[in-house]
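> Got a sequence here, can you model it:
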Amino acid sequence: MAIISGAFGLAAFACLIVFLVMRPSDQRIAQILLRGHDVGVIVQCLCLIPFALALAAIVRRHSHGSSRVMAATAVSFLALVVVLMLLSFANVAADVLYMIPQGAVGAWLIVVCWKFATDLPKGLRRLGIVAGVGLMLISIFPLGYALFVDSAILHGPISDDDPAPPGTETADGIVHAALAIGTLIGCTAYPIWTALAGRWLLLRGGK
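Model (predicted):
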C-alpha cells in the first residue's frame with residue numbers, strides 16, 4: 001500500500017506542477033488538474049495508514065508505548081487530511097486547511113525516522129526527515145498567511161490576482177516562499193520515501 005501511496009503522491013504533484021506551469025485559462029481543465037491533485041493526496045493518505053500501522057509494529061519491538069502513540073498520531077493526522085480535503089470538495093472548508101495536519105504528518109515523519117525507526121536503512125531515514133521538513137514548510141503557508149497577511153484564507157480561496165493587503169507584502173512573500181520550497185521538497189521526497197520504505201518493508205517481510 002505504501003508503494004501505491006507513493007505513486008498517487010507523485011501523480012498529485014505532477015497535476016499541481018502542470019497547473020502551476022500552464023495556468024490554463026480553461027476553467028474546466030484547471031479544475032481537472034486541481035481535483036486530480038486533491039484526489040491523489042486523498043488516496044495517498046488512505047494508502048499510507050496501513051503502512052504507518054505496519055511501521056509502528058516494527059517500532060513496538062524497541063518501545064511498546066511509543067509505537068502506540070506513533071500509530072495513533074499518524075492515523076489521526078492522515079485521516080484529518082482526508083476529511084479536510086473532502087470538506088473542501090463540498091466548499092465547506094478552505095482548500096488550504098489540509099496543509100496544517102499535513103505538516104503534523106511531516107513532524108511525525110521526522111520523529112519516527114530520527115528516533116524510532118532505527119531498522120530502516122540510514123538513507124531512507126534521512127530522506128524521511130527531508131520529506132518531513134518539506135511538509136512542515138508547506139504547513140507554514142496557511143498559518144502564516146492567516147496570521148500576518150489575511151485571515152480570510154482560512155474561510156475560502158485567495159486568488160493569485162488579488163494583491164496582498166497594504167503593509168503585508170513582505171510577510172506574503174515569505175509565506176509563499178515557504179510554500180514553494182516546501183512543495184518542491186516535501187511533495188517529491190514524501191511519496192518517494194513512502195514507495196521506497198514500502199518496498200523495504202515488503203523485502204523485509206519476505207526474509
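> give me the low-pLDDT residue ranges for this structure?
59-66, 116-118, 156-163, 205-207 (pLDDT under 70).
> what about 50?
206-207 (pLDDT under 50).
> right, and Pro50 touches Met1 too?
Yes - assessed by C-beta atoms under 8 Å, Pro50 is found in contact with Met1 at 4.7 Å. Every C-beta, even on glycine, is put in place using the N, C-alpha and C of the backbone.
> Pick out whichever of the two has more residues nearby.
Met1 (17 against 14; other C-beta atoms under 10 Å).
> residues of the host helix or strand of Ala180 that come out buried?
Taking DSSP states H and E as the criterion, Ala180 maps to helix 169-205. For helix 169-205, a neighbour-count test (16 or more other C-beta atoms under 10 Å) marks 171-172, 174-176, 178-179, 182-183, 185-198, 201 as buried.
> and what of stretch 39-51?
39-49, 51.
> Verify the stated contact: Leu55 with Val112.
Yes - counting by C-beta under 8 Å, Leu55 touches Val112, with 6.9 Å between them.
> Show me the common contact partners of the two, please.
Between them, Leu55 and Val112 share these contacting residues under C-beta atoms under 8 Å, 6 or more residues apart in numbering: Met70.
> Report the backbone C-alpha coordinates of stretch 13-20 in CSV.
Taking C-alpha atoms only, stretch 13-20 is exported to CSV below (Å, rounded to 0.1, in the frame of the first residue of the first chain):
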residue,chain,number,x,y,z
PHE,A,13,2.5,16.5,-7.5
ALA,A,14,2.5,16.2,-11.3
CYS,A,15,-1.1,17.6,-11.5
LEU,A,16,-0.1,20.5,-9.4
ILE,A,17,3.1,21.3,-11.4
VAL,A,18,1.2,21.1,-14.7
PHE,A,19,-1.4,23.5,-13.3
LEU,A,20,1.2,26.0,-12.0
